[in-house]
Structures are given as C-alpha cells and as structure tokens.
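Asks: below are the sequence and a predicted model; questions follow.
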Amino acid sequence: MEKRRLGRTNMDATVLGFGGAGIASESAENIGRVLNGALDAGINVIDTAECYEGGEESIGNAISKRRDEFFLFTKCGHPRGIGSEDWSASSILESVERSLRRLQTDRIDLIQLHGCSEAVLKKGEAISALEKARGRGWARYLGYSGDGQPARFALECDAFDALQTSISIADQEAISQIAPLARARNIGLIAKRPLANFAWKTGHKPINSYHHEYYERLRKLNFDFLRNGSAEESIAIALRFVLSVPGVHSAIVGTTKPERGQENARLLESRPLHQNEYNAIRERWDVIAPKTWIGQP
C-alpha cells in the first residue's frame with residue numbers, strides 16, 4: 001500500500017488508516033479479526049480516542065503484540081466520554097498516561113487534542129500539557145483533531161505536527177481553507193470520515209441521526225457516480241478523491257468487517273482518480289454547496 005511521509009514527522013503513513021470509533025461494540029473475537037486484518041492488508045495507522053468507549057482497551061488487547069507494525073494515534077480532552085471536556089494540564093496528562101495503559105504500549109506516536117475550541121488553544125495550557133507528555137517520552141508527535149477556525153489556528157500556531165480534519169465528497173471546506181496552509185507549513189494532514197459515513201449506501205435517510213447532515217448534502221450534490229455506480233465503485237471514487245487532495249497524507253476509515261480493510265486497499269490500487277474526475281467533484285461542490293456547509297465535528 002502507498003505510504004506518504006506525514007508532514008514534518010518521520011512517519012511514513014499508509015494512505016489508509018484504521019479508525020477505532022465504535023469497534024468496542026463488537027465481540028473480542030471479531031475485534032481481533034478486524035484489527036489483524038487491517039494490519040495484514042498493510043495498513044500501518046491505527047487511530048482511536050479516549051472517549052471511544054472501550055476503543056483503546058480493544059486495540060491494546062487485540063494487537064499490542066504487533067505494536068512495531070503500526071503507528072498509534074489517540075486523542076484526549078474528553079476523559080469522561082463524548083460530551084465531557086477537560087482541557088486542564090493535569091487532566092490531559094492523566095488521560096495520556098491512562099491511554100498508555102489501555103493501549104498496552106510505552107509510547108503514542110501521535111497524541112491529539114480532540115476538538116477543543118480556539119480559545120482553549122490560545123490559552124496554551126492544553127498545548128503545554130501535550131509538550132510535557134512528549135518530554136516524558138509518552139508521545140512522539142503532537143496533533144489537533146478538529147475543523148474550521150480552530151483547525152486553522154492549530155496550523156498557524158506552529159505547535160502541532162499533524163492535523164486531523166473532515167474531508168470527503170460531502171465535506172470539502174477544508175480543501176480550500178485548510179489543506180493549502182497545512183501543505184505550506186509541512187504539517188501532516190489526516191482526513192477523518194473520508195467516506196462521509198457512507199451516508200448514501202442505503203438510498204434512504206440513515207437511521208443514525210449523526211449521518212443525516214452528509215445524507216442531505218449528498219442528495220443535493222447528486223453526483224453521477226453515486227447515482228449510477230456500484231457501491232464498490234462509489235467507495236473507490238470517494239476514497240481516491242480524498243487522497244487526491246494536495247497535502248492529504250492519510251485517510252482514516254473505520255469498519256467492523258474483517259474483510260473491509262483489504263477491500264479498500266484493493267480499490268485504491270486498482271487505478272488512480274483521473275484529474276477530470278477530481279475537478280468534476282470540486283466543481284459540483286463550488287456550484288451547489290452553500291457557505292453553511294462547514295466541516296462537521
């Protein structure tokens with residue numbers, strides 16, 4: 001699988017990474033199949049967060065013995081789960097130390113502040129805490145995960161080695177507002193939700209309300225390849241589009257299906273996205289998307 005140097009780091013990351021949100025809801029046996037299948041497919045980026053309930057423990061239990069085969073990313077700032085926030089230095093350092101225990105490792109390759117506000121970033125305490133974690137050898141590189149103006153500030157403040165932000169066929173704001181700056185500053189750019197939650201797969205409004213925004217956007221964008229192509233081809237084009245964005249190094253895709261990592265790897269290797277296909281998707285966005293279609297958290 002293709003690898004790209006993640007900005008100013010020394011990590012040669014595969015263009016596909018595995019996202020650990022939701023994996024803990026599976027049986028231990030299936031978690032092992034999914035994660036080992038991802039590694040066997042050549043994926044060398046595993047991304048999770050302390051607030052993905054049971055996610056860190058699942059990864060630690062399943063693949064800690066293969067630790068030298070992958071780069072391990074996690075996120076902090078929500079120590080009591082999604083919806084809670086604590087950006088104090090003491091809480092962040094406790095979170096990082098707890099993540100190390102859960103993940104059964106002695107280092108995290110990329111520790112990320114998980115969606116804090118621009119005001120929190122400007123205050124500096126949270127960033128200083130990550131720097132202390134790095135100084136103690138708990139983390140190699142520092143990152144920010146988020147969108148919009150906070151993400152832009154994270155790039156401009158020059159405290160981070162990588163940024164994880166929303167980029168997909170249904171979420172293109174960052175392509176013009178974030179990606180050029182990340183590229184100019186040689187900061188690693190990681191695309192989250194590159195398949196827009198696969199919100200088009202059933203042809204009707206998803207049950208999960210978290211997917212509704214992308215579903216409505218895609219209805220209005222009405223891309224030809226979503227209307228007329230197979231599910232496999234639509235996934236391939238959506239992934240190739242994200243990885244064709246100048247400056248993007250890796251795209252994080254989650255799954256609970258053991259075969260999915262290998263299938264996605266195969267789809268990417270079948271052929272590159274042609275420039276005219278990329279341009280058509282961007283032009284459609286420019287014509288249809290209102291300014292209110294900002295990056296989804």
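Replies: Nice, I can see it.
Asks: could you report the separation of residue 294 from residue 147?
Replies: 7 Å (CB to CB, to the nearest Å). (Glycine included, C-beta is placed from N, CA and C.)
Asks: joint contacts of these two?
Replies: residue 173 (CB atoms under 8 Å, 6 or more residues apart in numbering).
Asks: for the residue nearest in space to the middle of the chain, give me its contacts.
Replies: When CA atoms, centre = their mean is applied to the chain, the residue found nearest the centroid is residue 192 (3.1 Å). Applying CB under 8 Å, 6+ apart to residue 192 gives the contacts 19, 145, 164, 165, 166, 167, 252.
Asks: mind running it again at 10 Å?
Replies: Contacts for residue 192 (CB atoms under 10 Å, 6 or more residues apart in numbering) come out as 17, 19, 21, 47, 145-147, 164-168, 171, 174, 251-254, 295-297.
Asks: just the buried residues from those, in PyMOL please.
Replies: In PyMOL syntax, the buried subset of the contacts of residue 192 is picked out as below (16 or more other CB atoms under 10 Å):
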select buried, resi 17+19+21+47+145+146+147+164+165+166+167+168+171+174+251+252+253+254+295+296
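Asks: the helices in the stretch 151-297 of the chain, which residues?
Replies: Taking DSSP state H, counting those that start in this stretch as the test, the helices found in the stretch 151-297 of the chain are 173-177, 179-184, 212-221, 224-228, 231-244, 260-270, 275-288.
Asks: the third one packs against which elements?
Replies: Think helix 212-221. Other elements packing on helix 212-221 under the criterion 3 or more CB pairs under 10 Å, 6 or more residues apart in numbering; DSSP states H and E are helix 275-288.
Asks: bridged to the residue nearest to the centre of the chain, which residues?
Replies: Going by DSSP bridges, residue 192 is paired in beta bridges with residue 166, residue 252.
Asks: how close does it sit to residue 16?
Replies: The spacing between residue 192 and residue 16, counted by CB to CB, is 13 Å.
Asks: ok so, going back, for the residue nearest to the centre of the chain, report the pLDDT, please.
Replies: pLDDT for residue 192: 96.
Asks: measure it to residue 171 for me?
Replies: 9 Å.
Asks: for residue 195, same thing?
Replies: 11 Å.
Asks: pretty sure residue 130 sits against residue 140.
Replies: No. The pair residue 130 and residue 140 fails to qualify as a contact (CB atoms under 10 Å) at a distance of 11.3 Å.
Asks: for those two, indicate the residue with more neighbours.
Replies: Between residue 130 and residue 140, counting by other CB atoms under 10 Å, residue 130 is the more crowded of the two (25 against 17).
Asks: name the element that one belongs to?
Replies: Using DSSP states H and E, residue 130 maps to helix 125-135.
Asks: so what's the gap between that helix and the chain middle?
Replies: 21 Å (CA atoms, centre = their mean, to the nearest Å).
Asks: quick one: the helices in the stretch 1-150 of the chain?
Replies: Using DSSP H, counting those that start in this stretch, helices in the stretch 1-150 of the chain cover 28-40, 55-63, 89-103, 118-123, 125-135, 148-156.
Asks: could you dump the shortest one to PDB, C-alpha only?
Replies: So that's helix 118-123. C-alpha atoms of helix 118-123 as PDB (Å, rounded to 0.1, in the frame of the first residue of the first chain):
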ATOM      1  CA  GLU A 118      -9.700  28.200  19.500                       C
ATOM      2  CA  ALA A 119      -9.900  29.900  23.000                       C
ATOM      3  CA  VAL A 120      -8.600  26.700  24.600                       C
ATOM      4  CA  LEU A 121      -5.700  26.600  22.100                       C
ATOM      5  CA  LYS A 122      -4.900  30.200  22.600                       C
ATOM      6  CA  LYS A 123      -4.800  29.800  26.400                       C
END
